[in-house]
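Engineer: no sequence on hand, only this structure:
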């Protein structure tokens with residue numbers, strides 16, 4: 001199932017590059033979310049320039065007085081409506097022929113947002129915007145398919161070395177929901193006892209002493225993550241092999 005809105009704020013039409021932006025430097029964003037147990041990516045179908053009627057990642061020109069991180073954050077926040085999100089730089093993509101008309105370099109970021117917090121908002125430069133299962137995306141413009149593959153590979157590496165998966169969870173969650181995040185990202189089933197044992201050894205989880213409510217099945221215990229342990233693990237890293 002896809003989830004649609006109209007109009008997204010991105011601009012690949014050279015004639016409409018704002019005066020306050022750098023004419024050959026963009027940021028592109030791989031926006032990930034989990035919905036219905038699937039890892040989704042946010043894509044837009046453009047209506048201008050060489051990208052007309054093509055799907056691509058969310059991006060924009062970098063303003064002359066803007067740091068790269070702030071440019072990426074601006075685009076993701078204005079597109080998704082999410083304020084509290086995870087954002088990290090993936091790298092620069094600058095092959096000479098990546099854009100057919102002239103040389104344009106893009107700095108790519110990936111971000112993790114909670115699907116239920118998104119409220120897609122846009123400008124005038126797109127026909128539609130949709131969430132797609134990462135394993136079933138349409139043909140993408142320019143080099144965006146390569147960028148998405150690089151982003152997926154890096155995300156799957158990252159979740160094994162930093163506890164970034166928590167950025168996709170609500171404040172309180174079950175162990176089954178936590179495991180579902182990792183299975184969605186890694187695209188494989190994980191052994192439940194082994195997964196729980198390894199996570200509990202890291203002392204990342206705090207038992208909320210609460211149970212799920214309004215569920216048809218047996219209510220599961222709710223947990224939240226320990227922010228202090230989380231920050232230490234993000235700083236020093238870990239190896240989380242399954």
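Structural biologist: Ah, there it is. On a predicted model such as this, the values are computed, not experimentally measured, just so you know.

Engineer: CA atoms for contacts and neighbours, from now on please.
Structural biologist: Noted.

Engineer: helices along the protein, start to end?
Structural biologist: Using DSSP state H, the helices of the chain run over 68-80, 144-158, 175-186, 192-201, 227-236.

Engineer: using JSON lines, lay out those helices together with distance to residue 23.
Structural biologist: Output for these, formatted as JSON lines (distance: least, CA to CA, whole Å):
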{"stretch": "helix 68-80", "distance to residue 23": "14"}
{"stretch": "helix 144-158", "distance to residue 23": "19"}
{"stretch": "helix 175-186", "distance to residue 23": "35"}
{"stretch": "helix 192-201", "distance to residue 23": "47"}
{"stretch": "helix 227-236", "distance to residue 23": "35"}
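
Engineer: pLDDT weak spots in the chain?
Structural biologist: 1-15, 123-124, 242 (pLDDT under 70).

Engineer: tally of neighbours for residue 171?
Structural biologist: Applying other CA atoms under 10 Å, we find 11 residues neighbouring residue 171.

Engineer: which residues touch it?
Structural biologist: residue 224 (CA atoms under 8 Å, 6 or more residues apart in numbering).

Engineer: how near is it to residue 44?
Structural biologist: According to CA to CA, to the nearest Å, residue 171 stands 29 Å off from residue 44.

Engineer: try residue 73
Structural biologist: Residue 73 is 17 Å from residue 44, by CA to CA.

Engineer: could you pick out the longest strand of this structure?
Structural biologist: strand 21-35 (DSSP state E).

Engineer: so which elements touch that strand?
Structural biologist: Under the contact definition 3 or more CA pairs under 8 Å, 6 or more residues apart in numbering; DSSP states H and E, strand 21-35 sits against strand 38-46, strand 58-63, helix 68-80, strand 105-112.

Engineer: could I get these as a markdown table with mean neighbour count and distance to residue 226?
Structural biologist: Listed next are the helices and strands packed on strand 21-35 as a markdown table, based on neighbours: other CA atoms under 10 Å; distance: least, CA to CA, whole Å:
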| stretch | mean neighbour count | distance to residue 226 |
| --- | --- | --- |
| strand 38-46 | 24 | 24 |
| strand 58-63 | 23 | 32 |
| helix 68-80 | 20 | 25 |
| strand 105-112 | 22 | 19 |
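
Engineer: output these as CSV; include the columns distance to residue 237.
Structural biologist: Formatted as CSV, the helices and strands packed on strand 21-35 follow (distance: least, CA to CA, whole Å):
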stretch, distance to residue 237
strand 38-46, 23
strand 58-63, 29
helix 68-80, 22
strand 105-112, 18
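
Engineer: so which of these is nearest residue 157?
Structural biologist: strand 105-112 (13.2 Å; CA to CA).

Engineer: and the angle for the closest one with strand 21-35?
Structural biologist: In terms of direction (axes from the mean of the first three to the mean of the last three CA atoms, to 10 degrees), strand 105-112 departs from strand 21-35 by 30 degrees.

Engineer: distance of the residue lying farthest from the centre of the chain from residue 92?
Structural biologist: Within the chain, the residue lying farthest from the chain centre (CA atoms, centre = their mean) is residue 218, at 31.8 Å. Counting by CA to CA, the separation of residue 218 from residue 92 is 48 Å.

Engineer: so which of the helices and strands packed on strand 21-35 is nearest residue 119?
Structural biologist: That would be helix 68-80 among those, by CA to CA, at 5.4 Å.

Engineer: now for that closest one, which elements pack on it?
Structural biologist: So helix 68-80, by 3+ CA pairs under 8 Å, 6+ apart, packs with strand 21-35, strand 58-63, strand 105-112.

Engineer: now these as a markdown table including distance to residue 159?
Structural biologist: Below are the helices and strands packed on helix 68-80 laid out as a markdown table (distance: least, CA to CA, whole Å):
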| stretch | distance to residue 159 |
| --- | --- |
| strand 21-35 | 13 |
| strand 58-63 | 23 |
| strand 105-112 | 12 |
